[in-house]
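Chemist: sequence and computational prediction follow.
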Amino acid sequence: MSEFVIRGGEVVDASGRRTADVLVRDGVVAEVGAGLEAADVLDAAGAIVTPGFVDLHTHLREPGDEDAETIETGSRAAALGGYTAVVAMPNTRPPLDDPTVVRAVLAIGTEALCEVVSSGCITRGRAGEALAPMGELHALGVRVFTDDGSCVMSAGLMRRALEYSRGLPGAVVAQHAEDDSMCAGGSMHEGAVSSRLGIPGRPGEAEAIIVARDIRLAALTGARVHFLHLSTAASVDLVRAAKRDGVPVTCEVAPHHFTLTDEACATFDPAFKVHPPLRGAADVEAVRAGLADGTIDAIATDHAPHTPETKERPFEEAPPGMLGLETAAALALTELVEPGILTLEQALAALSWNPARIAGIDDRHGRTVAPGAPANLCVLDPAATWTVDPMALASRAHNTPYAGRTLRGRVRHTVLRGERVVLDGRATR
């Protein structure tokens, strides 16, 4: 029998917050209360004990680009960031459009430091021409279907995917909302900054057009649509109105879209290149407001590692993407909670139980910390400060835009199925 107590922390979950110890026994929460005893103690003094974080949007790069990241290194970064589950995006090589590839990812993930949940492609090869075998992928446990990195441009094909998904219990179709015909050749947000720098842009309207279309398709079919990494005020407004009308839509935002603006691209540093791109200040404020009023359901990292030799190319030639797993929670505390934009409970909901519900894994992640719940937990010190050092991150890649930035909030311990995978800020295996 394995047993330990998490002592001296404040438990925060969907039911509220209370000061309590948490006794973990044989992989589940056995008791929550004051003065609990066990021979093995995890110190949570001054810290928050919360359900482990869930990332709806992680690029683990395996199979095909293991020089940038592997399931092992990505899951290590996730655990250090407080994540007990991540949804692996399908733009691998080969893509996750085939049951054999999905089985391989799930098999490798059994040894990971967090639960690796495989997404599946909407279309074969993410080419936007024919549906992937969604039913076969669903039978393997896939619940999130997406061509992330590519937009499903055909409204007719998107409608067929949505109609098909209605027969797959728990399935959600997740869209990368950028109209290809408007974004082709663009490397940053289209606006005054891109004009000044002479860099071709990607207009915010390219996102809003697809969001508006797919809201109508969700209303037509009754199927669930989830919008990945929204970045514009117009898109947030569209989702807000859709939710008010009862359309089954959810959405996420990445930390870089509530912390950085397109002015960061003035350095021509490819670390700031991402798709959808960093937007203007008004969009950043709208995204923050969307998190505050609940329009935006989740904070998702869009963790996108790249090798130095590719990411250090000239800005327009470098691939888009940033690391996110080890900095997301601290950025939420530093940029949203500390200035009073979100409460701590709102930030944790966006990091944990909301994404767990969207991904269909809320039977085991994001659960209220109560007897009988699986022990997938994060112990977070909200007062700890640290400076981001790209070379000290667990990811195989180093492409973070936050190098040198001092953040508030550090994960002290992460518990996965009752196993302490991070202890005092260090991975245990």
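Modeler: Perfect, thanks for sending it. It should be emphasised that the depicted structure is a prediction, and the values quoted were computed from it without experimental measurement.
Chemist: tell me what R17 is bridged to.
Modeler: With DSSP bridges as the criterion, R17 is bridged to V12.
Chemist: mind listing what it touches?
Modeler: 10-11, 344-345 (Cβ atoms under 8 Å, 6 or more residues apart in numbering). In this view, the C-beta of every residue, glycine as well, is placed from N, C-alpha and C.
Chemist: what about it, distance to I210?
Modeler: R17 sits 38 Å away from I210, going by Cβ to Cβ, to the nearest Å.
Chemist: repeat that for R224.
Modeler: 16 Å.
Chemist: list the contacts for the most centrally placed residue in the chain?
Modeler: Centroid-nearest residue in the chain, with Cα atoms, centre = their mean: A300, separated by 2.4 Å. A300 sits next to 55-57, 228-229, 252-254, 355 when contact means Cβ under 8 Å, 6+ apart.
Chemist: specify which member of the residues you listed is nearest to R126.
Modeler: Closest approach to R126 among the contacts of A300 (Cβ to Cβ): L228, at 13.2 Å.
Chemist: A177 is in contact with that closest one, correct?
Modeler: Yes - look at L228 against A177 with Cβ atoms under 8 Å: they come within range, at 7.1 Å.
Chemist: list the buried residues of stretch 59-72.
Modeler: Residues of stretch 59-72 classed as buried by neighbour count (16 or more other Cβ atoms under 10 Å): 59-63, 65, 68-72.
Chemist: can you get me the start-to-end distance on that stretch?
Modeler: Stretch 59-72 has an end-to-end distance of 12 Å (criterion: Cα to Cα, to the nearest Å).
Chemist: what about that stretch, distance to the chain center?
Modeler: 17 Å (Cα atoms, centre = their mean, to the nearest Å).
Chemist: equivalent analysis for stretch 43-50, please.
Modeler: The mean C-alpha position of stretch 43-50 is separated from the chain mean by 23 Å, Cα atoms, centre = their mean.
Chemist: what's the answer for stretch 13-33, then?
Modeler: For stretch 13-33, the distance to the chain centre is 25 Å (Cα atoms, centre = their mean).
Chemist: next: stretch 113-124.
Modeler: Its chain's average C-alpha position is 13 Å from that of stretch 113-124, according to Cα atoms, centre = their mean.
Chemist: just stretch 99-115 next, same as before
Modeler: On the basis of Cα atoms, centre = their mean, stretch 99-115 sits 18 Å off its chain's mean C-alpha point.
Chemist: tell me which residues of that stretch are tucked away?
Modeler: Using 16+ other Cβ under 10 Å as the burial criterion, the residues of stretch 99-115 that qualify are 99, 101-102, 104-106, 108-109, 112-115.
Chemist: got those residues as CSV, with distance to P371 columns?
Modeler: Listed next are the buried residues of stretch 99-115 as CSV, based on distance: Cβ to Cβ, whole Å:
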residue, distance to P371
P99, 37
V101, 39
V102, 34
A104, 37
V105, 33
L106, 29
I108, 33
G109, 28
A112, 27
L113, 25
C114, 23
E115, 21
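Chemist: that older thread, which members of the contacts of A300 are classed as buried?
Modeler: In the contacts of A300, burial by neighbour count holds for 55-57, 228-229, 252-254, 355, counting by 16+ other Cβ under 10 Å.
Chemist: narrow the residues you listed to those in strands?
Modeler: Mapping those onto strands (DSSP state E) picks out 55-57, 252-253.
Chemist: how many residues are close by the residue lying closest to G186 once chain neighbours are set aside?
Modeler: Closest residue in space to G186, ignoring its immediate chain neighbours: R202 at 3.6 Å, by Cβ to Cβ, 6 or more residues apart in numbering. Counted with other Cβ atoms under 10 Å, the neighbours of R202 add up to 26.
Chemist: I'd like the distance between R202 and A292.
Modeler: Distance, R202 to A292, using Cβ to Cβ: 26 Å.
Chemist: where does pLDDT dip in the stretch 101-250 of the chain?
Modeler: Along the stretch 101-250 of the chain, no part satisfies pLDDT under 70.
Chemist: pretty sure G8 sits against D21.
Modeler: Yes - here G8 reaches D21: they are 7.1 Å apart, a contact under Cβ under 8 Å.
Chemist: of the two, which one has the most company?
Modeler: More neighbours surround D21 than the other of G8 and D21, with 22 against 16 (other Cβ under 10 Å).
Chemist: contacting residues for the more buried one?
Modeler: Per Cβ under 8 Å, 6+ apart, neighbours of D21: 5-9, 32-36.
Chemist: narrow those residues to those in strands?
Modeler: Members of the contacts of D21 lying in strands (criterion: DSSP E): 5-7, 32-33.
Chemist: for V24, give me phi and psi.
Modeler: Here is the backbone geometry of V24 (degrees, to the nearest 10): phi -110, psi 130.
Chemist: need the contact list for the residue nearest to G9 when sequence neighbours are not counted.
Modeler: With sequence-adjacent residues excluded and distances taken as Cβ to Cβ, 6+ apart, G9 is closest to A44, at 2.9 Å. By Cβ under 8 Å, 6+ apart, the contact set of A44 is 6-9, 379, 412-413.
Chemist: dump those residues to CSV, plus pLDDT and distance to C151.
Modeler: Converted to CSV, these look like this (pLDDT from 0 to 100; distance: Cβ to Cβ, whole Å):
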residue, pLDDT, distance to C151
I6, 98, 43
R7, 98, 49
G8, 97, 48
G9, 98, 43
V379, 98, 39
R412, 98, 39
H413, 98, 39
